[in-house]
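Trainee: What follows is a predicted structure for the sequence shown.
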Amino acid sequence: MGTGDETATARARLRLLKQEYATPGLRQPGPRTRSAPHPPPSAPADLAIIDHVRQAAREIVTYTQSVAPDAGPAPADDADKYEWCRRETASLAPQQRMVRDAMLIRHGLEHALEAGDEAVIRQEACPRCRCWGLFWRAVQQVAFCANATCTDRRGRPSLWTLRQIAEARVVARNARSVAAT
């Protein structure tokens, strides 16, 4: 159950976020024109991204220590915490591994969305109808299904949180592996 892809994806996306948005001095300001007013000075790094990275790292550490109390110390590098989590929780029961994998998938999606990559939602199947018609609504922080027949009881498009999308992917993967055996 789980090939480690979600660990590698979450780890790579978090590393990219830190390198591109949370490291002071890496991003160069855009060219200024004479007619444009000078913008007020800003922080050298995106503070919202830094907060996001810290929150994700904190969640990984807290989760790992709660399900594996004998886990060794967490690595200092935030991105390495994902591999540490997988290594320290390798002996969990199948249901617990499914919970872990869903969290790692959710983190990968969150990191991509923080970087402005909404296309990751299009690569996920709708949990209800299994079509590839999901779109991201940033204001509501949900994905909606564009399939006209995939609606709620009131006839509105189905809405899905990142947690629901991640859990659906893990359940579908688990169902395929059980059916294959």
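Mentor: Thanks, I have it. Numbers count the residues shown, from 1 in each chain.

Trainee: per-domain residue ranges of this structure.
Mentor: Using automatic domain parsing, the domain parsing of the chain gives 1-24+44-117, 118-181.

Trainee: Reformat the ones you listed as a markdown table; add mean pLDDT.
Mentor: Compiled in a markdown table, the domains of the chain are given as follows (pLDDT from 0 to 100):
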| stretch | mean pLDDT |
| --- | --- |
| domain 1-24+44-117 | 91 |
| domain 118-181 | 93 |
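
Trainee: out of those, deepest packed?
Mentor: Stretch with highest mean neighbour count among the domains of the chain: domain 1-24+44-117 (a mean of 17; mean count of other C-beta atoms under 10 Å). All C-beta spots, glycine's among them, are computed from the backbone N, C-alpha and C.

Trainee: Go ahead and measure how far that one is from the middle of the chain.
Mentor: Between the mean C-alpha point of domain 1-24+44-117 and the mean C-alpha point of its chain there is a distance of 8 Å (C-alpha atoms, centre = their mean, to the nearest Å).

Trainee: quick one: the strands in this structure?
Mentor: Assigned by DSSP state E, the strands in the chain fall at 134-137, 142-145, 159-160.

Trainee: Could you export these to JSON lines, including columns for distance to A125?
Mentor: Output for those, formatted as JSON lines (distance: least, C-beta to C-beta, whole Å):
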{"stretch": "strand 134-137", "distance to A125": "8"}
{"stretch": "strand 142-145", "distance to A125": "10"}
{"stretch": "strand 159-160", "distance to A125": "10"}
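
Trainee: Which residue, other than its chain neighbours, is closest to C85?
Mentor: Nearest in space to C85, with sequence neighbours left out and distances taken as C-beta to C-beta, 6 or more residues apart in numbering, is T64 at 4.6 Å.

Trainee: Surely the one you found and W84 touch.
Mentor: Yes. T64 lies in contact with W84 (C-beta atoms under 8 Å); the separation is 7.0 Å.

Trainee: what residues do those two have in common as contacts?
Mentor: Taking C-beta atoms under 8 Å, 6 or more residues apart in numbering as the contact rule, T64 and W84 both touch A71, A74.

Trainee: Contacts only, for the residue nearest to C85.
Mentor: A71, A74, K81, W84, C85, E88, T89.

Trainee: What separation do you get for the nearest residue to the fourth one once chain neighbours are set aside and A45?
Mentor: Meaning W84. Counting by C-beta to C-beta, 6+ apart, the nearest residue to W84 once its immediate chain neighbours are dropped is P75, at 5.4 Å. Taking C-beta to C-beta, to the nearest Å as the criterion, P75 is separated from A45 by 21 Å.
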